[in-house]
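[1] Sequence plus predicted model, see below.
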Amino acid sequence: MTKFTSLRTTWMLLLMTVFAEAGATSLLKYSDGFQRVVPGLVSFGVYVLVLFLFSHVLTRIPASVAYTVWAGLGTLLLILSGWLFFGEVMTLTSLAGIALIVVGVILINRKQAQPS
């Protein structure tokens with residue numbers, strides 16, 4: 001696979017990678033410790049795809065920015081997934097944590113955009 005030609009395409013790929021990783025993690029939870037084999041195996045396959053795609057994202061976006069977006073948005077998606085699909089509790093502390101994650105991702109991306 002060659003490098004992506006557009007930075008916009010690379011950012012879209014990063015977002016798709018984040019959503020795929022959050023989906024794989026949710027499937028892993030649903031697999032119930034691999035007691036349900038099919039969701040566990042699908043999760044494993046998606047993780048392999050995510051790492052392959054993320055390696056291509058890193059050819060165009062600095063690792064510090066890409067990983068921050070991946071970790072921050074992925075955490076946000078998993079908090080929401082846990083709340084919506086697995087009945088996990090959403091507390092004021094969780095909401096504050098989500099806000100801090102969003103602010104952190106914005107600040108790191110602003111720092112990267114500004115000249116040193």
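    In hand now; what should we look at?

[2] Flag the helix or strand of this protein with the lowest per-element mean pLDDT.
    With mean pLDDT, DSSP states H and E as the measure, the helix or strand of the chain carrying the lowest mean pLDDT is helix 92-113 (a mean of 81).

[3] how many neighbours does residue 14 have?
    Other residues within reach of residue 14 by the criterion other C-beta atoms under 10 Å amount to 23. (Glycine included, C-beta is placed from N, CA and C.)

[4] which element is it on?
    Assigned by DSSP states H and E, residue 14 belongs to helix 7-30.

[5] What average pLDDT does the next helix or strand after that helix get?
    For helix 7-30, the following helix or strand on the C-terminal side (DSSP H and E) is helix 37-57. Throughout helix 37-57, pLDDT has a mean value of 96.

[6] Please compute how far the helix or strand that helix 37-57 is followed by lies from its chain's middle.
    Downstream of helix 37-57, the first helix or strand assigned by DSSP H and E is helix 63-85. In terms of C-alpha atoms, centre = their mean, to the nearest Å, the centre of helix 63-85 is found 5 Å from the chain centre.

[7] Great, nothing more from me.
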